[in-house]
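Asks: Give me a model of this one.
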Amino acid sequence: MKTKNRIVTLYDIKREDGDWFSLRAYIDSSCNKLYLEGQDFTKLAKDMFGDEEYEYFYVFSTESVEKLKVIFNNDDVLDAISTFFHSEMLNSEFIELCKKNDIPYELYVV
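Replies: Numbers count the residues shown, from 1 in each chain. So this is what the prediction gives:
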């Protein structure tokens, strides 16, 4: 069972066209894994999947969390990631940072 002690909103963006994008992060304290939970509500998703809601999850192992702490020079990985995103949709930049630094993760789309 996941234990979400602290949840950080990385971004919460609603556009004029009605599309809405949200990404949150938390550490599961029972296993020290980092989770990024994304939820998008878009017309494109509705056209493609029949539902405007699109959810996805990035999961980072304990080892990946430790690598992120080193990369960001910060033991509070949630604070470091929040600073990296600074309330903007920087998913691709974050994933590129992980790839460049050999930080594996799992991606799940619901």
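
Asks: partner strands of the strand ranked longest in the chain, parallel or antiparallel?
Replies: When the chain is parsed with DSSP state E, its longest strand is strand 4-14. Sheet pairing for strand 4-14, assigned by DSSP bridges, gives strand 20-28 (antiparallel).

Asks: any idea which helix or strand comes after the partner strand?
Replies: Tracing the chain past strand 20-28, the next element assigned as helix or strand by DSSP states H and E is strand 33-41.

Asks: How about the residue nearest in space to the middle of the chain: what's its closest non-neighbour residue?
Replies: By CA atoms, centre = their mean, the chain has its centre lying nearest to residue 36, at 2.9 Å. Leaving aside its sequence neighbours, residue 36 sits nearest to residue 58 (CB to CB, 6 or more residues apart in numbering; 4.1 Å). In short, each C-beta sits where N, CA and C put it, glycine included.

Asks: The one you found - how many residues pack around it?
Replies: 20 (other CB atoms under 10 Å).

Asks: again with the one 3 residues further on
Replies: Other residues lying near residue 61 total 16 when counted by other CB under 10 Å.

Asks: That one against residue 33, yeah?
Replies: Yes - here residue 61 reaches residue 33: they are 6.1 Å apart, a contact under CB atoms under 8 Å.

Asks: so for stretch 8-20, what's the average pLDDT?
Replies: The average pLDDT for stretch 8-20 rounds to 93.
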